[in-house]
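> Quick one, structure for this:
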Amino acid sequence: MTRSRTDRLRTADSRAPGSRSALRGAARAHLEGGGGVLLTGPEGIGRSTTVSQLADELAERGHRVLRCAPAPSDRDSPFLGLIDLLAGVGDAPLTGLDARERAVLEGALLRGTPPAGADPTTGRDALILRIAVRKVLAALAATGPLLLVIDDVQWLDEPTARVLLFLARRTGPRYAVLAALRTPPAPPAEGPRPDRAAARELCPQPVRTLPVEPMTVREIADVLDAHGDAPWPQRLIARLHEAGAGNPRTALELAAALHEAVSSGAPLPDSCEPLPVPESLSRPVLDRVEALPARARQVLLTASAAVRPTVELLRRAGCRYAEADVDTCVRHGLLRAPDHGTLGFPDPLTPMVLAARTPYALRMDAHRALAGAADDPVERAHHLARLTAGPDPAVADRLAEAAAAARRRGTPGTAARFGRLAAQYTPADGTPTGIGRRLTAAEDGLDAGDFDFARQLAYEVLREADRPADRVRAWNVVLDSSGQAMSEVADVFPEAVRDAGRDPGLLAPLHYRMSWHAWMVGGSARRARDHAARAAGLAARAGDRRTEVLALTQQAALELFLGLPGAEATLAASLAAPHDAYAMSHHNGPIYLKHRFHLAQDQLDEARAELRTLVYTLRQRGSADCLSQCLIGLAQLEIQRGRCRQALSMARQSLRIAERAGLSQGPAWYAVALAETAGGSLSQALAAAEAARRHSEDDDDRLFLPRALHAEGRIRLFSGRYGQAARLLRRTAEMESAQGQGDPAARRWHADLAEALARSGAVDEAESVIGRARAQAVRLGRTGVLATLDRAAATAAEERGRLGAAAAGYEDAAARLRAAGYPLEEARTRVALGRVRRRLGDEGASRTAFAQALRVFTAAGARAWVAGVRAERDRGEEAPLPHLDGSAWPERLSSTERSVVTRVAQGATNREIAAGLTLSVKTVEAALTRAYRKLGAKSRVEITRIVMARPAT
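From the prediction side, this is the model:
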């Protein structure tokens, strides 16, 4: 059960990793070494905001910043850009100029009367002016690094551009240029990108071009929230993001139009209704459409009316020269070339504007032509519905068939839309057909992640329906649409049970949902197991195999968690024939659970095979919810198998799906935290873990909250913050134990808690945790868990000063983890072994252990671990470091120095660092020399230790 709450926005999370901060970091690191950065992107994408933020950040770091932001009308005003750039420069830097240079410059800047006959735009005076500007900038750069900022460089006047072009080829390393160039929203299919080469030439070398990418759903939510446009329902924010193609200004204008409409009394549009498009957005689209030849405009209109436009469909619909006219639209950036036969719109606003602004008769002509040309049931039904004014049983049947076809294709959102239309076109003749179609549409909406839509239809049914079966089915939709936030629908159960009466077929799905409520909200796995078992029995009596399979799966999952002996038999019953296709491919179904049983038994290859097959199926035709959850499971599995890059990819995919579909993001952030901990950055991992915890706390989700706490606790543990780790992991233990966890393989937090306790001085408590978990693991035969507990026991021995016993324990645990197939856990154990061997004075054995760990971490792509192990391996060869708080070192360095130092800690050579940051090798060497001085380090090894250092608490 992973639906999300939709009555308020929780996507905005400024502390979670974001693409704009990464963009600024890359630009800042480049500019601090000199050179130029060109930011590109369409109008409204946030170039100016990014430029302003970068300029302010560099000013705070000691740069002298000169800015100009020309407007379109400025192109015909000679030297207006230069006037703006030097507006804040007083007379002092001009004192080094000779009389002619100063007079020409002051004349160009309108600060004085130019010499008689002087023309600074051409000839000798133009050269004198450029030399004068160069001298002034050199004087400014003598006191600190200088940054020229040119926003909207495409409007820069030509005389100023020629001055900057001269400077770009004749300035030193303390001179940098940050420029921003507006690019077309949909660049032409062929030909050069306008003005980009010319804009790059205004920047000193090396130049880095960085596109300002569209924002994510989360970032758009942040923008709306900052402008007071929240809270919108999360699904609606996803629509604003999609309609605006991630452009923040477009999203803000759409939101403003929507707010105006709602303030005037209009209801919020559901997923089937169009968003209002204001004139400010409509007019540019219409201007571009009106610039097309008449025949191409007709093709564009017809394509905008189709569900899946193709050249062949357009030809059959009366567009005789469809191929040529489509090419015309593509060249104008209004259509995208066919992808697997289907045409697309580069700007999502184009079909929206055409639908709203095209005269009704012309739109109906297009639908009529397409209805006659379509051979696809979904396409044909769409146009028949547009052509039919009122209830029509034949059209309703066609729409219901289209919904079924969309469902089979794995597009539940389309199925939901056609299902609701089918209900609307069904005559109100007293039969239950219309209600049934509405409920089916609501269930499709759930699978599509459109919970507002589903809940709205369910409540419509509850207002009208008398039949208990319809009412209970509607109540089930209401319950499912609450997702992780089941605490908000507790009052639904008594009403639903009252409607169900004694009918086992109606009670079974309710008890199944009561099981989830008891676990997620009540925090009791035993009560949840009782509800699941009752649901399975009731469903079997009623002949409802789908509910029986889902309830048996839930029962088996709870029995696994509780450590009960009948768990595998219950799972086998859920897997037995007859099979239900929906349940078998669901993330709460038996195939998904089967992979978790394999994990508990350390059968990683078998678990991966089950899950990959399921993910493949869901990518073809599955709900966003199921796919997101299965990707989370696959990410965790890849971490255990030591495939960190793959794990990061899976976790990030899951988060993107959750954002787009409006699902609860707590589980996805949890997966991102685990993957970043293994193969990314601990700072990014911590941000993700904190986001997972906040989402789970918001939802009052006691099922995922302890997992989020475990993820955060592990990061604190690996960072050396043992006291903080112990506090977080104690909370995990308290919550999981209160829920009744009896199988330590179901949630593997025990060894981490014991290690954090031992490292923070609570050795007796650590040994108690180990003893209880070991008894459970021995009873259930959990080999992998026992190996991690042995490592924790070795840590406890180490903290008691029994170093020989600790070394033997680490050796044994590492061998057992290797045999069980957990490479990252093995490598982590060998790091601990290397430390103990060093304390015992056996430097050779210590370095061997570190080398073995390094090989494993390197092969796995565990970046942060690789840097740490290298530092540990070489520690004995260098003088001990003075204590330095690992959280404080970044503030001592400039951005370039931080970037260089971070890559040094990752093991990169100076040449590799220079290539990665687009700097010269000399710039890297200079930055590293400054970093040595600021940090008191004498070697790359000491630099690495400082970067990885974390104070124990």
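> For the helix or strand harbouring residue 21, give the mean pLDDT please.
Element membership for residue 21, per DSSP states H and E: helix 19-31. Throughout helix 19-31, pLDDT has a mean value of 82.
> Report the buried residues of that helix.
20, 23, 24, 26, 27, 28, 29, 30, 31 (16 or more other Cβ atoms under 10 Å). For glycine as for every other residue, the C-beta is placed from the backbone atoms N, C-alpha and C.
> Now do that helix: which elements does it pack against?
On a contact count with 3 or more Cβ pairs under 8 Å, 6 or more residues apart in numbering; DSSP states H and E, helix 19-31 meets strand 35-41, helix 47-60, strand 175-182, strand 207-211, helix 895-905.
> With just CA atoms, put it into PDB.
Listed next in PDB are the C-alpha coordinates belonging to helix 19-31 (Å, rounded to 0.1, in the frame of the first residue of the first chain):
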ATOM      1  CA  SER A  19      19.700  19.800 -10.100                       C
ATOM      2  CA  ARG A  20      20.000  23.600  -9.900                       C
ATOM      3  CA  SER A  21      22.400  23.400  -7.000                       C
ATOM      4  CA  ALA A  22      24.500  21.000  -9.000                       C
ATOM      5  CA  LEU A  23      24.500  23.300 -12.000                       C
ATOM      6  CA  ARG A  24      25.600  26.300  -9.900                       C
ATOM      7  CA  GLY A  25      28.300  24.100  -8.300                       C
ATOM      8  CA  ALA A  26      29.700  23.200 -11.700                       C
ATOM      9  CA  ALA A  27      29.600  26.700 -13.000                       C
ATOM     10  CA  ARG A  28      31.100  28.200  -9.800                       C
ATOM     11  CA  ALA A  29      34.000  25.700  -9.800                       C
ATOM     12  CA  HIS A  30      34.800  26.500 -13.400                       C
ATOM     13  CA  LEU A  31      34.600  30.300 -12.900                       C
END
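> Identify the residues contacting the nearest residue to residue 573 once chain neighbours are set aside.
Spatial nearest neighbour of residue 573, excluding adjacent residues (Cβ to Cβ, 6 or more residues apart in numbering): residue 552 at 5.3 Å. Contacts for residue 552 (Cβ atoms under 8 Å, 6 or more residues apart in numbering) come out as 532, 536, 570, 571, 573, 574, 590.
> what's the helix or strand for the residue nearest to the last one when sequence neighbours are not counted?
Of all residues beyond its chain neighbours, the one nearest residue 590 is residue 574 (4.0 Å), with distances taken as Cβ to Cβ, 6+ apart. Using DSSP H and E, residue 574 maps to helix 567-575.
> what's next to that helix, contact-wise?
549, 552-553, 555-556, 559-560, 589-591, 593-594, 597.
> Distance to residue 741 and pLDDT for those - can I get that in TSV?
Formatted as TSV, these follow (distance: Cβ to Cβ, whole Å; pLDDT from 0 to 100):
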residue	distance to residue 741	pLDDT
549	25	97
552	21	98
553	18	97
555	16	98
556	15	97
559	12	97
560	10	97
589	22	95
590	21	96
591	23	95
593	16	96
594	20	96
597	16	97
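> ok, back up a step: just the closest of the contacts of residue 552 to residue 615, please.
residue 590 (15.8 Å; Cβ to Cβ).
> and the next element down the chain from the stretch of helix or strand residue 769 belongs to?
Assigned by DSSP H and E, residue 769 falls within helix 763-780. Remark: after helix 763-780, the chain's next helix or strand is helix 783-799, criterion DSSP H and E.
> Next, count neighbours for the residue nearest to residue 590.
Counted with other Cβ atoms under 10 Å, the neighbours of residue 574 add up to 26.
> do the same with the one 3 residues further on
Burial of residue 577 is recorded as 5 neighbouring residues (other Cβ under 10 Å).
> again, but for residue 82
Neighbour number of residue 82 under other Cβ under 10 Å is 24.
> same check, this time on residue 272
By other Cβ under 10 Å, the residues close to residue 272 number 16.
> Farthest from the middle of the protein: give me that residue.
residue 116 (62.2 Å; Cα atoms, centre = their mean).
> same for the strand or helix carrying residue 529, what does it pack against?
Using DSSP H and E, residue 529 sits within helix 525-542. If you count contacts as 3+ Cβ pairs under 8 Å, 6+ apart, helix 525-542 packs onto helix 504-520, helix 545-562.
> buried ones in it?
Under 16+ other Cβ under 10 Å, the buried positions of helix 525-542 are 525, 527-540, 542.
> Show me which of those residues is closest to residue 859.
residue 525 (37.8 Å).
> and the closest residue to that closest one other than its chain neighbours, what does it touch?
Among residues not flanking residue 525 along the chain, residue 740 sits closest, at 4.2 Å (Cβ to Cβ, 6+ apart). Residues in contact with residue 740 (Cβ under 8 Å, 6+ apart) are 524, 525, 526, 561, 562.
> The stretch 851-953 of the chain: helices as residue ranges?
Remark: helices assigned in the stretch 851-953 of the chain by DSSP state H, counting those that start in this stretch are 863-873, 895-905, 910-917, 921-935, 940-948.
> picking that back up, export the contacts of residue 740 to JSON lines and tack on pLDDT and distance to residue 97?
Output for the contacts of residue 740, formatted as JSON lines (pLDDT from 0 to 100; distance: Cβ to Cβ, whole Å):
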{"residue": "524", "pLDDT": "93", "distance to residue 97": "82"}
{"residue": "525", "pLDDT": "95", "distance to residue 97": "81"}
{"residue": "526", "pLDDT": "96", "distance to residue 97": "86"}
{"residue": "561", "pLDDT": "96", "distance to residue 97": "79"}
{"residue": "562", "pLDDT": "96", "distance to residue 97": "84"}
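> Considering the residues you listed, which is situated nearest to residue 720?
Taking Cβ to Cβ as the measure, residue 720 lies nearest residue 561 of these, at 31.5 Å.
> List the residues that contact that closest one.
Applying Cβ under 8 Å, 6+ apart, the residues near residue 561 are 525, 739, 740, 741, 742, 743, 746, 747.
> try residue 306
313, 314, 370, 379.
> where do the helices sit along the stretch 251-400 of the chain?
All helices of the stretch 251-400 of the chain, identified by DSSP H, counting those that start in this stretch, fall at 279-290, 294-305, 311-316, 322-331, 349-357, 360-373, 377-387, 393-408.
> can you list contacts of the fifth one?
Spelled out, that is helix 349-357. Applying Cβ under 8 Å, 6+ apart, the set of residues contacting helix 349-357 is 243-244, 250, 274-275, 277, 281-282, 285-286, 289, 300-301, 303-305, 334, 345, 363.
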